[in-house]
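Peer 1: Predicted model, plus sequence, below.
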Amino acid sequence: MGIQPTNGTPRCRCNSCGKTFQTTYKNSGATPQTKQMIIKMSLNGSGIRDISRVLGISQNTVMSVLKKQKNSKPT
């Protein structure tokens, strides 16, 4: 476990793949569970404003997650 130099949050490294990740999140929009909820809600027909209001995050965060999801899918 190490400390992120920019803001001092603890980070862990996976022994098998070497990726780093946070154990706790200060920003609720950054959690994997929130990102999954954004995707599920958009697939069920919720709009960006609705998603941001229900989850308590900004509309920019919702747009960012949806754009990243769209770009990561193979065509």
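Peer 2: Thanks, I have the structure now. Numbers count the residues shown, from 1 in each chain.
Peer 1: Could you check how many residues crowd around the spatially closest residue to residue 21 that is not a sequence neighbour?
Peer 2: Nearest-residue entry for residue 21: residue 12, 5.9 Å, with adjacent residues in sequence omitted and distances by CB to CB, 6 or more residues apart in numbering. C-beta: built from backbone N, CA, C; applies to glycine. For residue 12, the neighbour count with other CB atoms under 10 Å is 12.
Peer 1: what's in contact with the strand or helix carrying residue 40?
Peer 2: Assigned by DSSP states H and E, residue 40 belongs to helix 32-43. Taking contacts as CB atoms under 8 Å, 6 or more residues apart in numbering, the residues outside helix 32-43 that touch it are 28, 50, 51, 54, 55, 57, 62, 65, 66, 69.
Peer 1: quick one: low-confidence parts of the protein?
Peer 2: 1-7, 25-28, 73-75 (pLDDT under 70).
Peer 1: ok, now which ones touch the residue most central in space within it?
Peer 2: Centroid-nearest residue in the chain, with CA atoms, centre = their mean: residue 30, separated by 3.6 Å. By CB under 8 Å, 6+ apart, the residues touching residue 30 are residue 22.
Peer 1: 10 Å instead?
Peer 2: For residue 30, the contact set (CB atoms under 10 Å, 6 or more residues apart in numbering) comprises 22, 57, 61, 65.
Peer 1: Looking at those, which are in strands?
Peer 2: Within those, residues falling in strands by DSSP state E are residue 22.
Peer 1: Which ones among the contacts of residue 30 lie within helices?
Peer 2: Among those, the members found in helices (DSSP state H) are 61, 65.
Peer 1: Narrow the contacts of residue 30 to just the buried residues.
Peer 2: Using 16 or more other CB atoms under 10 Å as the burial test, the contacts of residue 30 include 57, 61, 65 as buried.
Peer 1: now those residues in CSV, with distance to residue 16?
Peer 2: Compiled in CSV, these are given as follows (distance: CB to CB, whole Å):
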residue, distance to residue 16
57, 31
61, 30
65, 26
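Peer 1: by contact count, what packs against the helix or strand residue 11 falls within?
Peer 2: Using DSSP H and E, residue 11 maps to strand 10-13. When contacts are defined as 3 or more CB pairs under 10 Å, 6 or more residues apart in numbering; DSSP states H and E, strand 10-13 sits against strand 2-3, strand 20-22.
Peer 1: Cool, thanks, talk later.
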